[in-house]
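In: build the 3D model from these lines:
(one chain, ligands or ions: 1)
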Amino acid sequence: MLMLGCVEQTPFPEPPEDITLELRKLLAFVQQAAWKQEEYGEDLKRFIERTVRFVDAHRDRLLKDAASGTAEVRPVAIQGLGFAGDGWSREALIRVLDDPDPALRERAIQALALLQSRGKAGPADLPRNRIEEALSSTFSREVVQALFFFSTSPAYGEDEALVGRIEERLAHPAREARVQAARTLAIHRRERSVPALRRALSDSEPLVRINAVSGLAAILQSGALPQVIPLLADPDRDVVQFSAELLAHLAPRGIVYRCAADGDFHEQPGRCGKCGAERIPVPRD
Ligand SMILES: [Zn+2]
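Out: This is a model prediction of the structure:
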């Protein structure tokens, strides 16, 4: 008997599987299994390869879902493109970076970072405005870390305004933000960052002090000795150990204390006997 008037009913069944939701299960499993890498060994490797093939086989569908799927499937499709994609998925992810939804932009950044870690994307793929956005702390911690990864690219080290923003970030209330900023500045090794890194040496977080002194040594070489030596008395053991290693590297034959004005030197710190100026540590000749 015909069900007349029941217009909502359709005789056609839904497709048997939703590719993207199936992928969500696979990706969730990969994430969990990654913690037990040793235990799963080759099986996990094969499972990941199978998942990559799955993504590749359904790339058209995933591209479509990443661009215009439902709220449920879009994040999964974006994650999948980062997990297993290549040049073809990079373009799609870059487009998502301009999506009005910040949660999707975050996903796209993480996916691009994943692509970059697999050598399938480069710093040039991440627009500078997104790094700027991260520096104003709109994003979650994980995303900010992913972005800083990009911001360590040499191209960004040449960008004065961006380096300035990262220097400002050394005063951020969040510990992770300050650590990342010090680490990034240490990689960029810009002379202009010296005053900011010097201030960071009195940061309450040991990892900030370690990265700051490492950056100063990279920039100033043995000229950083006056900053390195006081850290040998730091309350944190890791800072002391790192500074000792740095000292051995910067001055392998030890140090003497020299008066900058007249070159008068002494084995011990203190004031110059001739002019009274504070002697500064320099490598022994
Ligand atoms: Zn002197």
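In: immediately after the helix or strand bottoming out on mean pLDDT in the chain, which helix or strand?
Out: Between all helices and strands in the chain, the lowest mean by mean pLDDT, DSSP states H and E belongs to helix 141-151, at a mean of 68. Of the helices and strands lying after helix 141-151 in sequence (DSSP states H and E), the nearest is helix 154-157.
In: state the mean pLDDT of that next one.
Out: Across helix 154-157, pLDDT averages out at 70.
In: residues in contact with the next helix or strand after it?
Out: Per DSSP H and E, the first helix or strand lying C-terminal to helix 154-157 is helix 160-168. Here helix 160-168 makes contact (Cβ atoms under 8 Å, 6 or more residues apart in numbering) with 128, 131-132, 135, 151, 156-157, 181, 184-185, 188, 190, 192-193, 196. Quick note: C-beta positions are derived from backbone N, CA and C, even for glycine.
In: so which bits of the protein are right by the ion?
Out: Cys259, Ala261, Asp262, Asp264, Cys272, Lys274, Cys275, Ala277 (Cβ under 5 Å from the ion).
In: quick check: the fourth one touching Val256?
Out: What that stands for is Asp264. No - in this structure Asp264 lies outside contact range of Val256 using Cβ atoms under 8 Å: 10.5 Å.
In: show residues contacting stretch 47-65.
Out: Here stretch 47-65 has contacts from 19-20, 22-23, 26-27, 29-30, 33, 40, 73-74, 76-77, 80-81, 83-85, 88-89, 92, using Cβ under 8 Å, 6+ apart.
In: if we use 7 Å, what do you get?
Out: Contact partners of stretch 47-65, identified using Cβ atoms under 7 Å, 6 or more residues apart in numbering, comprise 19-20, 23, 26, 30, 73-74, 77, 80-81, 83-85, 88, 92.
In: tell me the one of those residues nearest Pro235?
Out: Val30 (41.9 Å; Cβ to Cβ).
In: ok, now how distant is whichever residue of the stretch 101-250 of the chain sits closest to the ion from Ala103?
Out: Distances between the stretch 101-250 of the chain and the ion by Cβ to the ion are smallest at Pro226, namely 15.7 Å. For Pro226, the distance to Ala103 (Cβ to Cβ, to the nearest Å) stands at 47 Å.
In: shaky segments in the stretch 151-285 of the chain?
Out: Within the stretch 151-285 of the chain, the segments meeting pLDDT under 70 span 155.
In: so which residues of it form strands?
Out: Using DSSP state E, counting those that start in this stretch, the strands of the stretch 151-285 of the chain run over 255-258, 265-266, 280-283.
In: dump the ones you listed to TSV, plus distance to Thr51 and mean neighbour count.
Out: Formatted as TSV, these follow (distance: least, Cβ to Cβ, whole Å; neighbours: other Cβ atoms under 10 Å):
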stretch	distance to Thr51	mean neighbour count
strand 255-258	55	19
strand 265-266	65	15
strand 280-283	54	18
